[in-house]
Each structure stands twice: as structure tokens, then as C-alpha cells.
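Engineer: Here you go, sequence then predicted model.
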Amino acid sequence: MSYLSTFINPNLLLIIYKKTQEKTEQTIWLNIFKLHGTIVYCYTLNTKTLNVWVKNRINYLKINIHEHAKNLLLQFYEKNTLSLYNILNILTLIWPKNLITVKKIQKIISDKAIFTPENWIDAMFSGNFNKTQRILNTFCINNYNQIALMRCLQHNLITILMIQRKKSNNINYIFEKQKVHKNRTSLLVSFSNRISFEKIYKSIKLLKKIEINIKKRHEKSMWNQLKILPYIIN
């Protein structure tokens, strides 16, 4: 990194992607680039940090918004900073000075709120049944690919099995091999400590049954069976 810093000059756009968690290494090279460029942190914001970011963004844009309306935005676009950034910009165009209420937010928020399979799985593993069903309903409305959704859950369940069978000093290797984001590791470890093999087996068996029904019968109404999963796992 020190060598790369020698290439910094006003005529060159140098983009470097560095994945590291070591503070000592950051101390050496990070400060060099801070003097000459812009550091962009790409980690996912947690709930507390995201609330602070939204609050600061609202103040910066001078948006007059009710607290409940702001919370509604956070609920619909949770952990999706890009969507929040875009919707806040839209609010400045639609209501530049007026007080933005919950009703106004409800009119412009799409039911197609952006969720990922990981959002659904994390809610399920956390035992948050309401959130799990809400996300699944969103997938159903948007006709999300059920096979892709189940593949993601199967991958996570296999990761849980690998954690249970390995010693603690091998867990980081498992996460790296399974390509688990570092923000999800603590949740998976916690979940692996309380779920039994029998529940994992029942969940995988149900996923297999749903997949067979979809492929053989070409059914598109299997969402109700997917809603059973949180009750089996927890």
C-alpha cells in the first residue's frame, strides 16, 4: 500500500479495494490515503448507525418530516442505504417545505420495498416472526424466484451444520469458505448454539418437498408452506 501511494497525483484516478480488519495495517496505509484521497467504507450500517445517518441526511437536506414518518422509512428500507438516499432526495422535490407525515410517506413508498434473502433469513434466525412474514409477503407480491430463495436458506442451514460440527477455532474458515458477510457471523453462531439437528433436518426436508412440488406441478402458490419454516426452525 505504501508503494501504491507513490502513484497518487492530480492527473490519476487511483481506485483501491482493500479488505482488512487489522487496525495496525490501517494505521500504516490508511492515513496516507486520507491525506490525498477519499476513503469509502463499504460495510453495512447497523440499525443504530443507520438511524444516525438518516437523521444527519434529513438535517442536511432540511427536510421537515414527522418522527413517525421517518421511522416508517427506516422500516420499509431497512439497511438499504441507497434506497433511503434516493427516497430522501425525492422527498425534497415533492415536499420541499411542507411537513411530511406518515400518510404522505405511505403514498410514495412502494410495497416493493427492497429486501434480500439474507434479510428474510436473519429475521427467521432471530425469531422475529412478524418481520419474517412481512418480508416473505413482499417476495410473494413481487413474484420472487422461490427456488433462489430456498437455495439461499439451504446454504445458510448447511453453514449452521458446519459450525456445529467444527471446533470454534475453525469457524472463521467456515465463514470465509461459505462467503458469509462479517455482519452476519455473530447471528449464525448464536443460532447454531440453540437449534437442534432435528429442526435443521425437518427444514431441509420441507424445502426439498416444496422444490419438488414447484418443479413437478409448476405450482406458484407455495408461499404458505414457506411461512411454516420459522415455526419449524424456532
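Structural biologist: Structure received. Residues are numbered from 1 along each chain as shown.
Engineer: how about Val52, secondary structure?
Structural biologist: helix (DSSP: H, G, I helix; E, B strand; the rest coil).
Engineer: can you give me the helices in this protein?
Structural biologist: Here the chain has its helices, by DSSP state H, at 23-36, 47-61, 67-76, 81-94, 102-108, 117-125, 129-141, 146-165, 171-178, 185-194, 197-217, 223-226, 229-233.
Engineer: I'd like the ones you listed as a markdown table, with distance to Ile8 appended.
Structural biologist: From N, CA and C alone the C-beta is placed, and that goes for glycine too. As requested, these are arranged in a markdown table below (distance: least, C-beta to C-beta, whole Å):
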| stretch | distance to Ile8 |
| --- | --- |
| helix 23-36 | 5 |
| helix 47-61 | 28 |
| helix 67-76 | 38 |
| helix 81-94 | 28 |
| helix 102-108 | 43 |
| helix 117-125 | 36 |
| helix 129-141 | 44 |
| helix 146-165 | 40 |
| helix 171-178 | 31 |
| helix 185-194 | 34 |
| helix 197-217 | 50 |
| helix 223-226 | 51 |
| helix 229-233 | 50 |
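Engineer: deepest of those helices, which one?
Structural biologist: Ranked by mean neighbour count, the helices of the chain are led by helix 117-125 with a mean of 22 (mean count of other C-beta atoms under 10 Å).
Engineer: pLDDT at the nearest residue to Leu149 once chain neighbours are set aside, what is it?
Structural biologist: In space, and not counting its chain neighbours, Leu149 is closest to Pro117: 5.3 Å by C-beta to C-beta, 6 or more residues apart in numbering. Looking at Pro117, its pLDDT is 88.
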